[in-house]
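Enquirer: Sequence first, predicted coordinates after that:
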Amino acid sequence: MKKYGFNLPTRIEVAAGLLKDTGPLVGEVTSGKRAFLVTDPGVKEAGLADRAGSSLADAGFDCSIFDNVKPNPRDTDCEAGGEEARRFKADIIVAVGGGSVIDSAKAIALLQTYGGPLVSYEGRGTVPGPVTPLAAVPTTAGTGSEVTRSAVITDTKRRFKMGIKDVRLAPELALIDPETTYKLPQGLTASTGMDALVHAIEAYTCRAANPFSDALALAAIEKIFPALPTAVREGGNKQARDDMMIGSVMAGIAFSHADVGAVHCLAEAIGSLYDTPHGVANSIFLPSVTAFNAEADPQRHARIAAACGLEVKNMEAEEASRLLVEKLAELSSEIGIPTLSNLEQVNPKDFEHLAELSEINGSTPSNCRFIDKEAYLNILQDCYKS
Ligand SMILES: [Fe+2]
């Protein structure tokens, strides 16, 4: 029996409309009154950051807003945010946004407490002690960052997405309000939703999986796979939006107690080189990596096919896995995700380098089937052709 543990340090509160209670809920996890609100221009534009901000003000908080977060967030912006949070003497960081915002907020909490450069914390268990507490309000159903202990930030000098994994980065509070996603545009709903699905699939298939992460990963797949096309097609469908939100939180807990695998390794490589949105990148590689991995573990992939609701009862595991690969590719095209060759910046001359970046990703050893640079290169070429 392998060694594993389960520790969810984040208090999770769920309700439609909970955003308006941000102030009182944040007041339950800090005795301080200075809140540093991290967001991005899109979320601010949608009015979500201001709603959280006025709830904080009503609860007696002094609020400072930092909205300089870009997709595929950068170390330099986090370092500037850390300095601002220091000057403001923040008692709590409140993140309102998607994965880029929440990951940046984790880095800002760390940098406010211990200073930079951010690259000095790359890796696992590198945080010297407690950091400024963090409350996270996800506004996409995808990242799971509100319940994870990791931040993925681009090291701008190396053009490399570095991972910082430490339990001290886990938010104190995750405020889950599916209403924040009701007006999310189709493209973002699709790409972030695919990210959530990939979290669940990789958590279930990776070498670090355990019975606790398995239960949450399968439950997440059951919610996300049928809900995603509906959430994209009918943004106002509350049931689909609620299922996506809860599924993405479950998937986040699952992968933070297991790991991700080769899909994320490839996605992070192209994200750092081309700035490809994370969910789009994941979606592009999901079918090919699933086909590659299913050969090593058809049983688990057949179980995923069943969790997706596919008719696989009377099939051999290999056949069910093949159907899964087909349906994942169909889902991706149905919800409008481009293919690798559709991405403007992609140049096959970069594939060697992308394969190298994927191989050195810290999650490569977790992939359920041994994978090296050569295999990554084959997958890249395969995806480019299809
Ligand atoms: Fe992800």
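Expert: Arrived safely, thanks for sending. What you see is a predicted model, and the numbers here were worked out from it, not measured in a lab.
Enquirer: In the helix or strand hosting Asp77, which residues are buried?
Expert: Using DSSP states H and E, Asp77 falls within helix 75-88. Neighbour-count burial for helix 75-88 flags Asp75, Thr76, Asp77, Cys78, Glu79, Ala80, Gly81, Gly82, Glu84, Ala85, Arg86, Phe88 (criterion: 16 or more other C-beta atoms under 10 Å). For glycine as for every other residue, the C-beta is placed from the backbone atoms N, C-alpha and C.
Enquirer: Going along the chain, name the helices of the protein.
Expert: 22-27, 41-45, 48-58, 75-88, 99-114, 186-205, 211-233, 238-256, 262-274, 278-294, 298-307, 317-334, 351-359, 373-385 (DSSP state H).
Enquirer: Would you convert those into JSON lines that also reports mean pLDDT?
Expert: JSON lines is the format used below for the helices of the chain (pLDDT from 0 to 100):
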{"stretch": "helix 22-27", "mean pLDDT": "98"}
{"stretch": "helix 41-45", "mean pLDDT": "96"}
{"stretch": "helix 48-58", "mean pLDDT": "98"}
{"stretch": "helix 75-88", "mean pLDDT": "98"}
{"stretch": "helix 99-114", "mean pLDDT": "98"}
{"stretch": "helix 186-205", "mean pLDDT": "98"}
{"stretch": "helix 211-233", "mean pLDDT": "98"}
{"stretch": "helix 238-256", "mean pLDDT": "98"}
{"stretch": "helix 262-274", "mean pLDDT": "94"}
{"stretch": "helix 278-294", "mean pLDDT": "97"}
{"stretch": "helix 298-307", "mean pLDDT": "98"}
{"stretch": "helix 317-334", "mean pLDDT": "98"}
{"stretch": "helix 351-359", "mean pLDDT": "97"}
{"stretch": "helix 373-385", "mean pLDDT": "96"}
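Enquirer: Gly144: which of those is closest?
Expert: Gly144 lies closest to helix 238-256 among those, at 2.0 Å (C-beta to C-beta).
Enquirer: sorry, back to before: out of the helices of the chain, which is closest to Ile164?
Expert: So among the helices of the chain, helix 99-114 is nearest, using C-beta to C-beta, at 7.1 Å.
Enquirer: and the gap between the closest residue to Met250 other than its chain neighbours and Gly116?
Expert: Once flanking residues are discounted, Met250 sits nearest to Ala220: 4.0 Å by C-beta to C-beta, 6 or more residues apart in numbering. Ala220 is 35 Å from Gly116, where distance means C-beta to C-beta, to the nearest Å.
Enquirer: These two: who's more crowded?
Expert: Ala220 (30 against 17; other C-beta atoms under 10 Å).
Enquirer: In the record's domain split, what are the boundaries for this structure?
Expert: According to automatic domain parsing, the chain comprises the domains 11-181, 186-385.
Enquirer: Including distance to Tyr4, could these go into CSV?
Expert: Conversion of the domains of the chain to CSV gives the following (distance: least, C-beta to C-beta, whole Å):
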stretch, distance to Tyr4
domain 11-181, 14
domain 186-385, 4
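Enquirer: Show me the one of those that comes nearest Met1.
Expert: For those, the distance to Met1 is smallest for domain 186-385, at 10.0 Å, taking C-beta to C-beta.
Enquirer: ends of the closest one, how far apart?
Expert: End-to-end distance of domain 186-385 (C-alpha to C-alpha, to the nearest Å): 26 Å.
Enquirer: cool, stretch 362-379 as well?
Expert: Span of stretch 362-379 from end to end, C-alpha to C-alpha: 19 Å.
Enquirer: If you count neighbours, what's buried in that stretch?
Expert: So, applying 16+ other C-beta under 10 Å, buried residues of stretch 362-379: 362-364, 366-369, 371, 373, 375-377, 379.
Enquirer: What of stretch 272-291?
Expert: Neighbour-count burial for stretch 272-291 [16+ other C-beta under 10 Å]: 272-274, 276-291.
Enquirer: got the CA coordinates for stretch 52-62 in PDB?
Expert: Output of stretch 52-62 as PDB, limited to C-alpha atoms (Å, rounded to 0.1, in the frame of the first residue of the first chain):
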ATOM      1  CA  ALA A  52     -16.800  42.100  -3.300                       C
ATOM      2  CA  GLY A  53     -15.100  45.500  -2.500                       C
ATOM      3  CA  SER A  54     -18.300  47.100  -1.300                       C
ATOM      4  CA  SER A  55     -19.200  44.200   0.800                       C
ATOM      5  CA  LEU A  56     -15.800  44.400   2.400                       C
ATOM      6  CA  ALA A  57     -16.200  48.100   3.000                       C
ATOM      7  CA  ASP A  58     -19.600  47.600   4.500                       C
ATOM      8  CA  ALA A  59     -18.000  45.100   6.900                       C
ATOM      9  CA  GLY A  60     -15.500  47.800   8.000                       C
ATOM     10  CA  PHE A  61     -12.500  46.800   5.800                       C
ATOM     11  CA  ASP A  62     -10.100  49.300   4.300                       C
END
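Enquirer: and for it, what are the contacting residues?
Expert: When contacts are defined by C-beta atoms under 8 Å, 6 or more residues apart in numbering, stretch 52-62 is touched by residues 19-24, 26-27, 33-35, 37, 63, 65, 94, 96, 137.
Enquirer: Determine how far that stretch lies from the middle of the whole chain.
Expert: On the basis of C-alpha atoms, centre = their mean, to the nearest Å, stretch 52-62 is displaced by 27 Å from the centre of the chain it belongs to.
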